[in-house]
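Engineer: One predicted model, sequence on top.
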Amino acid sequence: MIRPGRRSARPALPAAAVRWRLTLVPAGSVLAGSATALLPFVVSVPALPPFGLLLLLGWSLLRTALWPAWVALPLGFADDLMTGNPIGTAMVLWTVTLLALQLIDRAVAWRDHWVDWAIAAAAIQFCTGAGWLIAGVGGGRGAFVVAAGQAAVAILCYPAAVRIVALLDRWRLKR
């Protein structure tokens, strides 16, 4: 039993460990989300949602001042390398998305879960559709129905991604 006025028995983390956790958890979770494309799933169509994009949107909508827009360049480059998209696809699309999210954050006075979900749905549709168009330039375009299905699955998975981000954020901010 802990008496009033006493500290808990758990020692505090060193300041350097707290700084590393504050910095690396968001970026590491987005990279881990992008790395799910490397898992050995055998599918005939790309039905898995872009988990890296979902986690990027989750962090950007949950903690609006967490990242500047340029952070999408290295994260998008890593996503392009892991997912096999043409280099620069996620770099450009994620940067445009983060810039749009910053503009929306300035324009919208209040947001709740439903508004964030609608914003994320628009961002997912933009990134999936533009990615489909960019892949077509290199001759890798598949049927649009497949890309639309992947976007629909990603939109439905967004609440789970936000839940994961919220749990990681709670752990990240714990002292």
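Structural biologist: Perfect, thanks for sending it.

Engineer: Identify all contacting residues around the lowest-mean-pLDDT helix or strand in the chain.
Structural biologist: Using mean pLDDT, DSSP states H and E, the weakest-scoring helix or strand in the chain turns out to be helix 15-34, at a mean of 88. Helix 15-34 is contacted by residues 13, 50-56, 59, 63, 66-67, 71, 75, 78-79, 82-83, 161, 164-165, 168-169, 171-173, 175 when judged by C-beta atoms under 8 Å, 6 or more residues apart in numbering. From N, CA and C alone the C-beta is placed, and that goes for glycine too.

Engineer: Repeat the analysis, applying 6 Å as the threshold.
Structural biologist: For helix 15-34, the surrounding residues in contact (C-beta atoms under 6 Å, 6 or more residues apart in numbering) are 51-52, 55-56, 59, 75, 78-79, 82, 168, 172.

Engineer: For that helix, buried residues please.
Structural biologist: 21, 25-27, 29-31, 33-34 (16 or more other C-beta atoms under 10 Å).

Engineer: Reformat these as a markdown table; add distance to A154.
Structural biologist: As requested, the buried residues of helix 15-34 are exported to a markdown table (distance: C-beta to C-beta, whole Å):
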| residue | distance to A154 |
| --- | --- |
| R21 | 28 |
| V25 | 22 |
| P26 | 19 |
| A27 | 20 |
| S29 | 16 |
| V30 | 14 |
| L31 | 18 |
| G33 | 11 |
| S34 | 13 |
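
Engineer: Out of these, which is nearest to I155?
Structural biologist: G33 (15.6 Å; C-beta to C-beta).

Engineer: Would you check how far apart that closest one and F144 are?
Structural biologist: 24 Å (C-beta to C-beta, to the nearest Å).

Engineer: for whichever helix or strand comes after the least confident helix or strand of the chain, packing partners?
Structural biologist: Where DSSP states H and E defines the elements, the next helix or strand beyond helix 15-34 is helix 51-62. Judged by 3 or more C-beta pairs under 6 Å, 6 or more residues apart in numbering; DSSP states H and E, helix 51-62 is in contact with helix 15-34, helix 113-137, helix 144-173.
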